[in-house]
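Enquirer: Structure for this input, please:
(one chain, ligands or ions: 1)
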Amino acid sequence: MTDPSTEQLRPVAIGSDLERRDGFPKVTGTARYAYESEAASPAYCRLVQSTVARGRVDSVDTAAAEALDGVLLVRTAFDAESLETDDGELAVLQSREVAFRGQVVGMVVADTAEAALRGADLVEVAYSPAPHDVVLRTGRGDLYAPEKVNPSFETDTSDGDIDEAVATATAVLDRTYTTAMYHNNPLEPHATTAYWDGEALTVWDSTQGVHPTRAVLADLFGLDRERVRVVCPYVGGGFGSKGEPHVHVVLAAMAARAVPGRHVRLAFTRQQMFALAGYRTPTIQRMRLAADQSGRLAGIAIDVVEQTAKVKEFAEQTGVPTRMMYAAPHRSTTHRLAALDVPAPSWMRAPGECPGMFGPEVAMDELAEELGIDPVELRVRNEPEVDPESGLPWSSRNLVACLREGADRFGWADRDPRPGLREEDGWLVGTGVASSVYPVNRMADSTATIRREQGRYVVEIGAADLGTGTWTTLAQIAADALEVDVAEVTMRIGDTAYPIASVAGGSSGMTTWGSAVVNAARAFREKFGPEPPEDAEAQGSTEDNPATERFAMYAFGAQFAQARVNRDTGEVRVPRLLGVFAAGRIINPRTARSQLIGGMTMGLSMALHEQSVLDPRFGHVVNHDLAEYHIATCADVAEIEARWLEEHDPHVNPMGSKGIGEIGIVGTAAAVANAVHHATGVRVRNLPITLDKLL
Ligand code: MOS
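Expert: Purely as a prediction, here's the structure:
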């Protein structure tokens, strides 16, 4: 059965390896980013941040800053304009209470960035500090169950009787795993240029969603949406940290309103990104597996403890993938939060699935070892016929094919399962595997317009390209839906001047915006036929897909890693990573490969390097720069290969695509941890896998 909303396109442009349309302007430097937008008379904003983690601002002395040459404005909680919001993160300068270290307590606007920086240094702030609490651990008396976990999943689930399953199983595993705190570090920091023309606000903001940002700004400043324009043709990376506006957008708009006629530019410094742009919560995951001798799971359970902020609740959905991944009649998942005196956590590539597949996928490796079953085979034996959570059939599920294909390509058949046996030139060598999963998400509220303009087909939609390829891939979708050559299609995205579009998040862009473009193209063809007149125009919107009620929709993957561990120093290298994915139809192999190997690289980085270190005495991240917050570099990444199966899924959307921005990072860290165990015999359950844990 096919629904009209998923009637399949004939792929002609879809599937071709087109160059990025934004590639040339980016590499030649003509692409203008938010901080570089045109401005006749720019002014610059710099921030004053709290030096205490909790307390109250008693007084500020702004005289020296205000007297400084070039300073136009100093604002603090004592004189900032009032905003309408109940969002504790965005309510900046609305109160004298300090809720975390690094919170913005003032801003300075000046003619030059240097004067603004000097001015911010000259603002004197006196605090009444209060005791703070920033350490996540299990067993805290104040852990609580949130009402829902992101975006709206049940907090706890239970099927069957997990305790009974654990009590009666042949093989039982009960282990606790942890993932670290991580910060998104896109190359382009969070940046905004803001300008008021009377009561109309324009912001050039580096964002994953111009329309959602507009909605937030309009509410905050009490404006009709039509009075706010958000422009963002190019984004230098976001990974979720630009999925919702943070305080920079609000501050830039407040500042610009106070210095009429000026375009105010505000960019977070790299260090400010570690306090003000969100982060991935650390997680503590207790895993329980109960299996029979053949490795068939009777029970699987995860109990997650993680943090949120006192200013705003953010409940990462870490336990969610355990609900659907493997067949087990007895299943239980829980989430508990500690609300700390820290900045609010936020979105980071594959929220939920990324941390939430670390514990389960290492646990599966431990179970395989205990039972003497090959870890690929163990996963195959626990393949569910239908979604264990919903009972729905899969729209398509090719995890087994990914595991088999990956095993073949990786040379898995020759693997001796015994750990700690292989040594080459002083390096212990091992291999590991883990599964990947990511849901097929569809957002609401996206509309595309297609118009015939100067002999071309012009597609307008306020979508985002954060490096993912949207400029190019939406043109491919439009071309196939219009049945024209892709060279005849002009794309216009990244501006609220174009029709409403959802955030680039949850790997939902192609499904959501692509469906809107297809509907617009079908309306256009129906109205005007194959030879449309100049100025012909049609619109189409994303519709609900009724098939989501009948099928469970996910992309799957299998990741294989080789690890080498220096037997004297414990240093870990990963010379080889292979990912095989089943993610529906691939719109553009070039941009898809870039997404998948980008995700895998970020997963490798999570496995070995990344960790935000919070100082409990002061409450801030001490390694808040790229010198000390280690991210995998080119030298850390050797052979990394992403492949995909030809998968046809007629239920997901008209393209048959599943979304690939996030699945690449899911499972990578577990595959590396499993490879390190195979190399050394040491089981590291706490990320990152640093050398001290291996000696
Ligand atoms: Mo992604 S973390 O949903 O931008």
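Enquirer: The closest residue to the ligand within the chain: how many residues sit nearby?
Expert: Nearest residue of the chain to the ligand, counting by C-beta to the nearest ligand atom: residue 240, 2.4 Å away. Quick note: C-beta positions are derived from backbone N, CA and C, even for glycine. Using other C-beta atoms under 10 Å, residue 240 has 26 other residues around it.
Enquirer: Looks like it contacts residue 349 (just checking).
Expert: Yes. Between residue 240 and residue 349 there is a contact under C-beta atoms under 8 Å: 5.7 Å.
Enquirer: any residues in contact with both of the two?
Expert: Common contact partners of residue 240 and residue 349 (C-beta atoms under 8 Å, 6 or more residues apart in numbering): residue 184.
Enquirer: quick one on the thing from earlier: residue contacts, the residue of the chain closest to the ligand?
Expert: Counting by C-beta under 8 Å, 6+ apart, residue 240 touches 184, 208, 278, 346-349, 351, 505.
Enquirer: Got the confidence number for residue 562?
Expert: Confidence at residue 562, expressed as pLDDT, is 98.
Enquirer: where's it, which helix or strand?
Expert: Using DSSP states H and E, residue 562 sits in strand 552-566.
Enquirer: after that strand, next one along is what?
Expert: The helix or strand immediately downstream of strand 552-566 is strand 572-582, counting by DSSP H and E.
Enquirer: Now look at the following helix or strand past that next one and say if it contacts the ligand.
Expert: Downstream of strand 572-582, the next assigned helix or strand under DSSP H and E is helix 589-608. No. Helix 589-608 lies out of reach of the ligand by C-beta under 6 Å from any ligand atom, never closer than 10.8 Å.
Enquirer: So what's the residue count around residue 8?
Expert: Counted with other C-beta under 10 Å, residues neighbouring residue 8 total 15.
Enquirer: cool, and residue 553?
Expert: Neighbour tally, residue 553, other C-beta under 10 Å: 26.
Enquirer: Same question for the one 4 residues further on.
Expert: Under the neighbour criterion other C-beta under 10 Å, residue 557 is assigned a count of 32.
Enquirer: How many residues are close by the spatially closest residue to it that is not a sequence neighbour?
Expert: Excluding the flanking residues, the one nearest residue 557 by C-beta to C-beta, 6 or more residues apart in numbering is residue 436, at 3.4 Å. Here the number of neighbours of residue 436 (other C-beta under 10 Å) works out to 36.
Enquirer: Centre of the chain to the helix or strand hosting residue 436, how far?
Expert: Per DSSP H and E, residue 436 falls inside strand 427-439. In terms of C-alpha atoms, centre = their mean, to the nearest Å, the centre of strand 427-439 is set 21 Å apart from its chain centre.
Enquirer: Now the element after that strand, going C-ward?
Expert: Next along from strand 427-439, by DSSP H and E: strand 447-453.
Enquirer: Direction included, what does that following strand pair up with?
Expert: Applying DSSP bridges, strand 447-453 is found paired with strand 456-460 (antiparallel), strand 537-541 (antiparallel).
Enquirer: Tell me which of these sits most buried.
Expert: Most buried of the strands paired with strand 447-453, by mean neighbour count (mean count of other C-beta atoms under 10 Å): strand 456-460, with a mean of 21.
Enquirer: so where is this protein shaky, pLDDT-wise?
Expert: Scanning the chain for pLDDT under 70 picks out 1-2.
Enquirer: ok so, going back, did I read that right, the residue of the chain closest to the ligand in a strand?
Expert: No. Counting by DSSP: H, G, I helix; E, B strand; the rest coil, one finds residue 240 to be coil, located in no strand.
Enquirer: Can you tell me the number of residues neighbouring the closest residue to it other than its chain neighbours?
Expert: Spatial nearest neighbour of residue 240, excluding adjacent residues (C-beta to C-beta, 6+ apart): residue 347 at 3.1 Å. When neighbours are defined as other C-beta under 10 Å, residue 347 has 26 of them.
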